[in-house]
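Undergrad: Below is the sequence, then the predicted model.
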Amino acid sequence: MMSPPPLALYVHWPFCLAKCPYCDFNSHVRAAIDEAAWAMALLADLAHEARAVTRRPLASVFFGGGTPSLMPPALVARILAEAERIFGFADGIEITLEANPSSVEAANFATLAGAGVNRVSLGVQALEDPTLRMLGRLHGAEEAMAALDVAQRHFGRVSFDLIYARPDQTAEAWTRELSQALGFGTEHLSLYQLTIEPGTRFASDVRRGALVPLDDDAAAELFAVTRDMTARAGLPAYEISNHARPGCESRHNLVYWRYGDYLGIGPGAHGRRDGIATERHRKPENYLAAVSRQDHGIAAERKLPRAEQAGEAFMMGLRLDEGIDLAAFETRFGCSVDELVDGPKLDFYAREGLVRRDGTRIVVTARGMPLLDGLLPELLALGSLAA
């Protein structure tokens, strides 16, 4: 009998100190919060998840959301203490907190480290002020670098992200910026290509002609530059957009990509546990009302058919350089390889050098990774899987 998949906890903190360009609605902005009320709600939500899941030690805890680095450190400590009491912590547990690289948030790093956080992920996004303004960020490059320095002094593990393939960005310019980023000596980098999502300011700018996205060939060149430079610096890609020193990969995100179970608590949090998808009320007031009424903040809960679970796991797993093990899929989801994978298309893309099959394992190659979004639906064959 297979052991349960790893278990992670995601805590969503919705509040921002001031209006952020990424906030969806103004109710996330608060001058002050009732810390006691939020502690009661989040701990009640955690207790509900503990009753609903096959219990085992937590592999990771991740504080994300609006501005989680502005969570009261005492509240962070209470959540961690209760999570450890209920579940226990696996050896070497990773406790990550997302933060914007601002001086206000960096001032909290010492107390957050004292509360139990041992890893921080900074949303730097760019190392030059004009680009940060274009991206709508509220911090400057100098402030970001100062916050990164503070983070490296207080946390054992530090990651930060950058966005590339920006309009008019050249390979030479990205090489200089990435070289500077690698020079900071962090163990982990998240390097994302700029994408134009529907309904965003960027999408409106593209429609008006105010923003011209980088073309696909130029973006593919920057992807290749990124892979080459990070590998030579000792931070090879382990996922399509994530790079780390061996052993320093994000344990929390690996739970997602390997389709482990994760509990989501807090307004707007999503979760997957024992084949069930959960979604919390998004608006803070609605979330608090729900917890008061039913002892948890769940707005929707759905049992996932095995075909949907297998499809999600397949599409997440092929983001990783390790790929997926088809034999393990057969055991876990009760489906055959022929039900899961379109064999003729797999053979075709293998001949094209975009994927390879190593025994029972399928891996997307370095050539195939830039085309991943198009490859995944081509390779997946779940039409015959019964719910």
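TA: Happy to help now that I have it. Numbering: from 1, shown residues only.
Undergrad: Spatially central residue in this structure, please.
TA: Centroid check for the chain by CA atoms, centre = their mean gives Asn253 as the closest residue, at 5.6 Å.
Undergrad: what helix or strand does that residue sit in?
TA: helix 251-257 (DSSP states H and E).
Undergrad: do Val104 as well
TA: Going by DSSP H and E, Val104 is part of helix 103-106.
Undergrad: Report all helices and strands that whichever helix or strand comes after that helix contacts.
TA: Reading on from helix 103-106 to the C-terminus, the next helix or strand found by DSSP H and E is helix 109-115. Applying 3 or more CB pairs under 8 Å, 6 or more residues apart in numbering; DSSP states H and E, we find helix 109-115 packed against helix 73-87, helix 141-154. Every residue, glycine included, has its C-beta placed from N, CA and C.
Undergrad: Okay, buried residues for the longest one please.
TA: Going back to what we said before, that points to helix 73-87. Pro73, Leu75, Val76, Ala77, Arg78, Ile79, Leu80, Glu82, Ala83, Ile86, Phe87 (16 or more other CB atoms under 10 Å).
Undergrad: The last one now?
TA: Along helix 141-154, these residues count as buried under the neighbour rule (16+ other CB under 10 Å): Ala141, Glu143, Ala144, Ala146, Ala147, Leu148, Val150, Ala151, Gln152, His154.
Undergrad: repeat for stretch 176-184
TA: Applying 16+ other CB under 10 Å to stretch 176-184 flags Glu177, Leu178, Ala181, Leu182 as buried.
Undergrad: Just give me the closest of those to Ile276.
TA: Nearest to Ile276 among these is Ala181, at 39.1 Å by CB to CB.
Undergrad: Is that closest one part of a helix or strand, or is it coil?
TA: Under DSSP: H, G, I helix; E, B strand; the rest coil, Ala181 falls in the helix class.
Undergrad: will you turn the helices and strands packed on helix 109-115 into TSV that also has mean pLDDT and distance to Asp373?
TA: Output for those, formatted as TSV (pLDDT from 0 to 100; distance: least, CB to CB, whole Å):
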stretch	mean pLDDT	distance to Asp373
helix 73-87	97	35
helix 141-154	96	29
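Undergrad: picking that back up, how far out from the middle of the chain is the helix holding Val104?
TA: Chain-centre distance of helix 103-106: 22 Å, with CA atoms, centre = their mean, to the nearest Å.
Undergrad: wait, what's in contact with Glu49?
TA: Leu263, Ile265, Gly271, Arg273, His296 (CB atoms under 8 Å, 6 or more residues apart in numbering).
Undergrad: I'd like those residues laid out as JSON lines, including secondary structure.
TA: Below are the contacts of Glu49 laid out as JSON lines (three-state DSSP):
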{"residue": "Leu263", "secondary structure": "strand"}
{"residue": "Ile265", "secondary structure": "strand"}
{"residue": "Gly271", "secondary structure": "strand"}
{"residue": "Arg273", "secondary structure": "strand"}
{"residue": "His296", "secondary structure": "coil"}
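Undergrad: That'll do, ta.
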